[in-house]
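Student: everything below, folded, please.
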Amino acid sequence: MYSNMHIPRPAPCHLAFLTIMLLASVASSQENEDEEIELFFAPAETVTTASRHVQPLAESPSAVTVLTREDIEACGALTLPEALRQVPNMDVYQLKPLWYVMGVRGRTNEESDKILLLVDGRDVTAEMIGSPLWTVQYFSLDDVERIEVIRGPGSALYGANAYSGVVNVITRKPGEGPRASMSIAGAERGYLDLSARASTRLDSFSLSASAGLVREDLWSSRSSKGRAVARGRLRTEIDILPNCHLGLEGGVLDAAGLIHSAMGAMDISDMLNGYILAHFELYDFSLRAGYDFTSLDMDIDLPLYIKEVDLVLGAMPPFAARVDKLTSSARYDWQTNFLRLIGGAEYVFNRYGSAVIIPENYYEHRAGVFAQAELEIDRLLRTLANIEIPTLLLNVGLRFDYNNVYDADDLHDWSSSELSPRAALVFVPRPGHSLRLGYAHAFLKPTFIQSSLHFKIDDISNLGFDQFNFGNPELENQTIDSLELGYSGDFFDKRLELKIDLAYNWYRDCLWYMFDKSKLNYIDIGSVRVPDLGAGGLGFSNLPAGSDGHDVEIQIVYHPGDRSRLFFTAGYRQVFDNQTGKFFDRDPVFRLAAGADLNLGGGLSTSLRAFFTGSHVRFIRNPAGLLQPDIQVVIPTVWFLNARLAYKFKAGAATMATGIEGFNILGFHFRELGGTLSPNAPDQNAELLGRRISLFLRAQI
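Tutor: Just a heads-up that it's a prediction; the model follows:
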């Protein structure tokens, strides 16, 4: 049963587990504070990600959703994407153990590289494939304090890949949270999740350590592998002076599983990743520097197949690669009575190395400079002219990014630059109510694979092919321009929250895999002409025409009691294709979500979540190979029903929580309406998203 399952070596976590046990012993020797932990759904009051500084949520220049610690716990999610399913107008589909198809207001949800994932402000994009590995991270959901999601463009602050949204996962800092905690969760499909964390503070020194192991066995009897992750993380902070802080952190993880990239399905037999990061803060100045490495061993399911003549030309050999990444950033925050200025610069250097890539080493330089001004117009008028008006804020920002990928032999050299402006006007007529009008521009840079990849192949049919030229050095950035209008309000002493957001988006230069016949050379093999894989003309290109789209989002939250709530969200989206002159029929037309979190008393609480996505015709492209026909999983509607029952109690100095969680408890399955394109896809996806029952136990002191 386990013959095809790779188990990550646990050695990287040994040190972290020992550190946790040491910290737990220190914490247990301290006087226990008898604090009652209850489920309390207080609305989030502040947000950091939207402007890179703490501000009231009502004054945010962007459409923002904040998932609090209680939101994450109540939803019963086992992975980060499952928690994000609560965000209005956010689509989340799982197709492989490490592969999630996700979108926020996207023109298309076929790839997840349009969403920037930050963990405590650190970009965790897997640089070679240009997309985060959403289920392979250094934290468990128990470590997360809150998740802030910008629904819409964020490149004016964060640069490339903050295209349709930004997800910033904020974990508990050293010295915060319970002094020691552990959790164990088990579910169907051989799912096992072990997690532990300890945190302590001694005067001006704070330290936390966490470690975990996730194991998920084969999802089906076919070739689809499971998921295995072992991780460890250590964080420290030192208060040098009252306004001077130094932080150091590092981690290592080992993972295995199946992911997706622009090259096709990748079966990762072993991925080792590690990072170290230092940050320094002195009054309003901050400096960051870090190093990150990733070592990959994988098999790529990529037969090079000419569908017109049913001929296999070649395949990718086993792939071993290493990516080394250096990052640095500096920021300065300056503020007066009515004006706040934030400026900064960032630099990233990547080195890609692999024996399969021609040449073996590529280098990438990325640089960004940004500035943002936040003017409190009401305070300005009060100061200069003694005029009293309600709160009125103007937020403007501009960022310049430059990116260059090249190799030492001058075979490939791709570069681009982009200006990303943003402007927003926020009016707060009275406390608890706000109106927002904003514009933002963002971009998605082509991945290394799309712009520069040139690699060796196995010549299966002995046709003389030994390489494949996939990169297109003439690609342009994908861009989006978004005009937004939003309202948020609290009623009945904050027991009822209402949020309405409208957005109109313009999408340009979208990347698509296609043949460029003007650059394509052919080789005659008998009476058959096939493309010359070593020449140009095969790979990604920018679409000649763009598209426009509009979004409507409504969110209602009601708190019948201090520790209970009901919520409902609705989203509508439609995109117009300028090339065909028609609306896209594959994008979801509307999306609904509803839920209830109830405190039953006596330590018992229950949660219920229902998600529904409807569309005219919905399909997800699953490229099996660069030249193969697409596998299309057609989904007319998608709906889930999740439930959770939890019991919290005291056991000596520890607070315990145990319960049962049900995911997709009514057993909805993907259904393929396309027929014969991929006979195994419907059953396989049905198994991946079938009903899952899990049990959990958590303890903290």
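
Student: element containing residue 255?
Tutor: strand 244-261 (DSSP states H and E).

Student: in stretch 154-166, what's buried?
Tutor: Neighbour counts using 16 or more other CB atoms under 10 Å place 154-166 of stretch 154-166 among the buried residues. All C-beta atoms are positioned from the backbone trio N, CA, C, and that covers glycine.

Student: ok, for residue 340, nearest residue in space, not its chain neighbours?
Tutor: residue 374 (4.4 Å; CB to CB, 6 or more residues apart in numbering).

Student: show me the contacts for residue 448.
Tutor: 127-128, 130, 350, 352, 362, 364, 405 (CB atoms under 8 Å, 6 or more residues apart in numbering).

Student: out of those, which two sit at the greatest distance?
Tutor: Greatest spacing in the contacts of residue 448, by CB to CB: 130 and 362 (13.6 Å).

Student: keeping just the C-alphas, turn stretch 322-335 into CSV.
Tutor: Extracted C-alpha coordinates of stretch 322-335, given in CSV (Å, rounded to 0.1, in the frame of the first residue of the first chain):
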residue,chain,number,x,y,z
ARG,A,322,18.6,23.7,-7.2
VAL,A,323,17.5,27.3,-6.7
ASP,A,324,19.4,29.7,-4.5
LYS,A,325,17.7,32.9,-3.5
LEU,A,326,19.1,36.1,-1.9
THR,A,327,16.7,38.8,-0.7
SER,A,328,17.1,42.2,0.8
SER,A,329,14.8,45.1,1.5
ALA,A,330,14.7,48.4,3.3
ARG,A,331,11.8,50.6,4.3
TYR,A,332,11.4,54.0,6.0
ASP,A,333,8.2,55.3,7.5
TRP,A,334,7.8,59.1,8.0
GLN,A,335,4.7,60.7,9.6
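
Student: list the buried residues in that stretch.
Tutor: Those would be 323, 325, 327, 329, 331, 333, for stretch 322-335 by 16+ other CB under 10 Å.

Student: wait, the second one sits on residue 350?
Tutor: This means residue 325. Yes. Using CB atoms under 8 Å, residue 325 is in contact with residue 350, at 5.2 Å.

Student: overlap in contacts, these two.
Tutor: Joint contacts of residue 325 and residue 350 (CB under 8 Å, 6+ apart) are residue 127.

Student: isn't residue 118 up against residue 125?
Tutor: No. Assessed by CB under 8 Å, residue 118 is found out of contact with residue 125, at 9.4 Å.

Student: find the nearest non-adjacent residue to residue 212, please.
Tutor: Nearest to residue 212 is residue 195, by CB to CB, 6+ apart, at 4.1 Å.

Student: what sits against that neighbour?
Tutor: 140, 142-143, 182-184, 210-212.

Student: quick revisit: now the strand holding residue 255: mean pLDDT?
Tutor: Averaged over strand 244-261, pLDDT sits at 87.

Student: and it, which strands flank it?
Tutor: strand 227-241 (antiparallel), strand 264-282 (antiparallel) (DSSP bridges).

Student: and that strand, how far from the chain's centre?
Tutor: 14 Å (CA atoms, centre = their mean, to the nearest Å).

Student: same thing with stretch 54-67?
Tutor: Using CA atoms, centre = their mean, the offset of stretch 54-67 from its chain centre is 19 Å.

Student: just the terminal-to-terminal distance for that stretch.
Tutor: For stretch 54-67, the first and last residues are 16 Å from each other (CA to CA, to the nearest Å).

Student: buried stuff in it?
Tutor: Buried, per 16+ other CB under 10 Å, within stretch 54-67: 55, 57-67.

Student: make a markdown table out of those and add pLDDT.
Tutor: As requested, the buried residues of stretch 54-67 are arranged in a markdown table below (pLDDT from 0 to 100):
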| residue | pLDDT |
| --- | --- |
| 55 | 91 |
| 57 | 89 |
| 58 | 89 |
| 59 | 91 |
| 60 | 93 |
| 61 | 94 |
| 62 | 93 |
| 63 | 93 |
| 64 | 93 |
| 65 | 92 |
| 66 | 92 |
| 67 | 92 |
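
Student: any idea of the pLDDT on the residue nearest to residue 187 when sequence neighbours are not counted?
Tutor: Nearest residue to residue 187, sequence neighbours excluded (CB to CB, 6+ apart): residue 694, at 3.3 Å. You'll see residue 694 listed with a pLDDT of 86.

Student: tell me how many other residues surround the closest residue to residue 487 other than its chain neighbours.
Tutor: Nearest non-adjacent residue to residue 487, counting by CB to CB, 6+ apart: residue 500, 4.8 Å away. Residue 500 has 14 neighbours, counted by other CB atoms under 10 Å.

Student: enumerate every residue touching residue 500.
Tutor: 486-488, 552-555.

Student: neighbouring strands - and their directions - for the helix or strand harbouring residue 207?
Tutor: Assignment of secondary structure by DSSP H and E places residue 207 within strand 205-216. Paired strands of strand 205-216, with direction, are strand 191-202 (antiparallel), strand 227-241 (antiparallel) (DSSP bridges).

Student: now do the buried residues in the longest one.
Tutor: This points to strand 227-241. So, applying 16+ other CB under 10 Å, buried residues of strand 227-241: 227-237.

Student: next one: stretch 552-565
Tutor: 552-555, 557-559, 563-565.

Student: re earlier: now, which of the buried residues of strand 227-241 sits nearest residue 665?
Tutor: residue 227 (21.7 Å).

Student: what are the boundaries of the helices in the stretch 301-450 of the chain?
Tutor: Per DSSP state H, counting those that start in this stretch, the stretch 301-450 of the chain carries helices over the ranges 377-385, 448-452.

Student: which of those sits closest to residue 81?
Tutor: Once the helices of the stretch 301-450 of the chain are compared by CB to CB, helix 448-452 is nearest, at 22.3 Å.

Student: keeping just the C-alphas, turn the closest one into CSV.
Tutor: Listed next in CSV are the C-alpha coordinates belonging to helix 448-452 (Å, rounded to 0.1, in the frame of the first residue of the first chain):
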residue,chain,number,x,y,z
PHE,A,448,11.4,31.3,-15.5
ILE,A,449,10.0,28.3,-17.3
GLN,A,450,7.9,30.5,-19.7
SER,A,451,10.6,33.1,-20.5
SER,A,452,13.9,31.2,-20.5
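
Student: what's the following helix or strand after that helix?
Tutor: strand 454-456.

Student: other SSEs contacting that following strand?
Tutor: With contacts taken as 3 or more CB pairs under 8 Å, 6 or more residues apart in numbering; DSSP states H and E, strand 454-456 sits against strand 467-469.

Student: which helices and strands does the strand it packs on pack with?
Tutor: Using 3+ CB pairs under 8 Å, 6+ apart: strand 467-469 touches strand 454-456, strand 538-542.

Student: most packed of those strands?
Tutor: Ranked by mean neighbour count under mean count of other CB atoms under 10 Å, the helices and strands packed on strand 467-469 are led by strand 538-542, which reaches a mean of 21.

Student: give the pairing partners of that strand; include direction for each.
Tutor: In its sheet, and by DSSP bridges, strand 538-542 pairs with strand 511-515 (antiparallel).

Student: make TSV from the strands paired with strand 244-261 and add mean pLDDT to it.
Tutor: Output for those, formatted as TSV (pLDDT from 0 to 100):
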stretch	mean pLDDT
strand 227-241	93
strand 264-282	87
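
Student: I'd like these written out as CSV, with distance to residue 425 added.
Tutor: Formatted as CSV, those follow (distance: least, CB to CB, whole Å):
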stretch, distance to residue 425
strand 227-241, 37
strand 264-282, 31
